[in-house]
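Enquirer: Have a look; sequence and predicted model below, questions after that.
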Amino acid sequence: MTLPCIILAGGKGTRLQSVVSDMPKCMAPIKDHPFLHWQIKLMQKYGFRKFILSLGYMADNVAKYLEQTRYPGVDIQKFVESKPLGTGGAIKKIMNEFNLKETFVVNGDTLLFVDNLNINLSLNFKKKEILKVHVFPNKNNDRYGSVTLDNNGNVLSFKEKDKTLKNKSSFTNSGFYWVSQDCFKFAEHKEFLSFEDDILTQICEKYKVNSSILIGEFIDIGIPADYKRACHFDLEKFL
């Protein structure tokens, strides 16, 4: 697949500091490998061969790991923030510097094991949408923000974490996005941008943004409890 994949791997992992310290979140160890290793292997399985890592906190730590580790058949490049740009600002800067008209974007602390991602990506190329948000059904959605869809799968709104959604089914934003350069035309003169707050919300208010519903196993390491679950998850069987 020629489409590059940006991995947003610049986070410190503040909420993980009690169990994983002195390293960026993407380097949190899981089964003798950093979390980043599992992300690269999973996205490679989905057909990606070019990766751009968006780095910030302790970027040298990640760079050293990549110097010592080889991923055959994969081209990995790095973008290091000289100052905080936010998730949206980093994506915008990378797309400009690497001259990308479109790209796939993955949050640096999530894994989603699905069978139909390649199919959905091929549909993106045909439709040439401004943005596609990949979501998954979640039976207990108080831990994550939820996504409201209409009957045609178009995104109506994004909602913050809501404890009233405990034990209630809804859709969750997977942190997997197909992004076009047009996403940033509302913020041409802004450097610091939150992709979720500044970009997604505005685009959904102005355009019809379609979702792609993915069925599979979702893993993230945002908090100690979820990190512990990831450490005990049988990752190898999906790769």
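Expert: Right, received. Where do you want to start? Residues are numbered from 1 along each chain as shown.
Enquirer: Regarding G222, what is its secondary structure?
Expert: coil (DSSP: H, G, I helix; E, B strand; the rest coil).
Enquirer: how many other residues sit next to it?
Expert: Neighbours of G222 under the rule other C-beta atoms under 10 Å: 18. C-beta coordinates here come from the backbone N, C-alpha and C atoms, glycine included.
Enquirer: With the one 3 residues further on instead?
Expert: If you count neighbours by other C-beta under 10 Å, A225 ends up with 11.
Enquirer: and it, what helix or strand is that in?
Expert: Using DSSP states H and E, A225 maps to helix 224-231.
Enquirer: same for the longest strand anywhere in the chain, what does it pack against?
Expert: Longest strand of the chain, by residue count under DSSP state E: strand 170-180. Counting contacts by 3 or more C-beta pairs under 8 Å, 6 or more residues apart in numbering; DSSP states H and E, strand 170-180 packs against strand 102-107, strand 110-114, helix 117-127, strand 131-138, strand 146-149, strand 216-220.
Enquirer: Any idea which of those has the lowest pLDDT on average?
Expert: Per-stretch mean pLDDT for these is lowest at helix 117-127 (a mean of 60).
Enquirer: For T201, grab the count of nearby residues.
Expert: Number of residues near T201 (other C-beta under 10 Å) recorded here: 14.
Enquirer: ok so it is a strand residue?
Expert: No: according to three-state DSSP, the state of T201 is helix, so it is not within a strand.
Enquirer: mind checking how far it is from N173?
Expert: Going from T201 to N173 by C-beta to C-beta, to the nearest Å gives 12 Å.
Enquirer: Overlap in contacts, those two.
Expert: The contact sets of T201 and N173 overlap at F158 (C-beta atoms under 8 Å, 6 or more residues apart in numbering).
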